[in-house]
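Colleague: Next input, structure requested:
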Amino acid sequence: LTVDTNTLHVDATNNRVGIGLTNPAVALEIKGINDGGDISLLNLRNHGGDGSNVLLNFISSTDAANTAARSYIKSTRSGSSSSLAFATSNTTALTLDSSQNASFAGNISVDTGTAATIDFGDINGSAYGRLYADSSGTFIGSKTNQQLVLRTNNQHALTLDTSQNATFAGTVSDSKGDVR
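Modeller: Numbering: from 1, shown residues only. Reported below is the predicted structural model:
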């Protein structure tokens, strides 16, 4: 079945549907025309009120009701903003809110096989930090000419200035409790 040359094509032999092309390579393939800018190929819309969701489900089971085998991407509307959640095994793993804050339900692992780096802060500006690990050790610090502060209970505990001088906010003792 073909509608309007290549607007919609059903390949009954291979059980495939093509939108925008006549030779779909997978069960559903959508081809758009892009002149170098963004391209919107699919809109999923729920006209419901606050708290309404739009889900894109991925089910790895012959039983569509098997929620343990379901992963999904979910958009939830709240007023004029929305959040986006990613789930595996029917459990939310990552949520991005409208302020671009990320919430993780599990651990975050960075494994490159040899060394790993996490830069944070104003990466393109004048102040950012770095977490780094390789075979010689684990490092945390400021990557720019800024002091490094370690805090406990939201209070400064240790400050290392840019000359690598240390200032402690409390009492300094060794492992035996001896004060120096």
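
Colleague: Can you list the low-confidence ranges for this protein?
Modeller: Low-confidence regions of the chain, defined here as pLDDT under 70, cover residues 34-36, 174-180.

Colleague: Any idea how far stretch 154-170 is from the middle of the chain?
Modeller: Relative to the mean C-alpha coordinate of its chain, stretch 154-170 is positioned 33 Å out (CA atoms, centre = their mean, to the nearest Å).

Colleague: Kindly report the same for stretch 99-111.
Modeller: Computed by CA atoms, centre = their mean, the chain-centroid distance of stretch 99-111 equals 6 Å.

Colleague: Please apply the same query to stretch 58-72.
Modeller: In this view, stretch 58-72 has its centroid 22 Å away from the chain centroid, taken as CA atoms, centre = their mean.

Colleague: Show me what counts as buried in it.
Modeller: Judged by neighbour count using 16 or more other CB atoms under 10 Å, the buried positions of stretch 58-72 are 59, 70-72. (Each C-beta comes from the backbone N, C-alpha and C, glycine too.)

Colleague: Between the residues you listed, which sits nearest residue 109?
Modeller: Nearest to residue 109 out of the buried residues of stretch 58-72 is residue 71 (CB to CB; 18.4 Å).
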